[in-house]
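Trainee: Only the shape, not the letters, is given here:
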C-alpha cells in the first residue's frame, strides 16, 4: 500500500490564514486559533510553492496535485527554511496556488527584530506540530 506523506503525519489542525495589523503586507499562517504574539509565521513568497502529486506513486512532477508544500518564514528571520503541508481538501488549497501565482517571487524584507533559532523552532513546533519535521529540502 502506498502511503500519503502529509496524511501519514496525522495532520489534524485546519490552516488559518490571516492579516496582522503590525504586518499589513504579509499573510500570516497558523494551525492555532491565533498567531503567537512575537512568533508569527508568514507565507514566504520569496520561495517557490512545492507540490506532491499522485501518479501511481508520490512524486513532485507527474499526476494530480494532492498536497502543497507551502514555504513559511518566522517574523524574526530573513531567510525561511520551513514548509508546511496543505492537502487538497483544505479550504485554502486553491487560494494558496492563486496567491503564489500572483505574488511569487518577491524579496523578503529584513526582520524588525531578529529572533534566535531555538525560539523559531519552538514557535514552529507549537503552531505546526505535524510539520515540525518538514524543511525546504524535504
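Mentor: Cool, the structure landed. Everything numeric here is computed off the predicted structure, so don't read it as measured data.
Trainee: For the top strand by length along the chain, which helices and strands make contact with it?
Mentor: Longest strand in the chain, counting residues (DSSP state E): strand 64-74. For strand 64-74, the elements it packs on are strand 41-43, strand 50-54, strand 82-87, helix 93-103, helix 117-127, judged by 3 or more C-beta pairs under 8 Å, 6 or more residues apart in numbering; DSSP states H and E. Heads up, the C-betas are built off the backbone N, CA and C, glycines and all.
Trainee: Of the ones you listed, which stretch is the most buried?
Mentor: strand 41-43 (a mean of 23; mean count of other C-beta atoms under 10 Å).
Trainee: Give me the contacts around it.
Mentor: 17, 23, 26-30, 35, 70-75, 82, 96, 99, 123-124, 127-128 (C-beta atoms under 8 Å, 6 or more residues apart in numbering).
Trainee: hmm, back to that, how far does the longest strand of the chain sit from the chain's center?
Mentor: 6 Å (C-alpha atoms, centre = their mean, to the nearest Å).
Trainee: and the angle from it to helix 117-127?
Mentor: Calculated by axes from the mean of the first three to the mean of the last three C-alpha atoms, to 10 degrees, strand 64-74 forms an angle of 140 degrees with helix 117-127.
Trainee: Which strands border strand 64-74, and is each parallel or antiparallel?
Mentor: Here strand 64-74 has these sheet partners by DSSP bridges: strand 41-43 (antiparallel), strand 50-54 (antiparallel), strand 82-87 (antiparallel).
Trainee: looking at those strands, which is closest to residue 118?
Mentor: Of all the strands paired with strand 64-74, it is strand 82-87 that lies closest to residue 118, at 14.2 Å by C-beta to C-beta.
Trainee: Report the distance from that closest one to the chain centre.
Mentor: That offset, for strand 82-87, works out to 5 Å (C-alpha atoms, centre = their mean).
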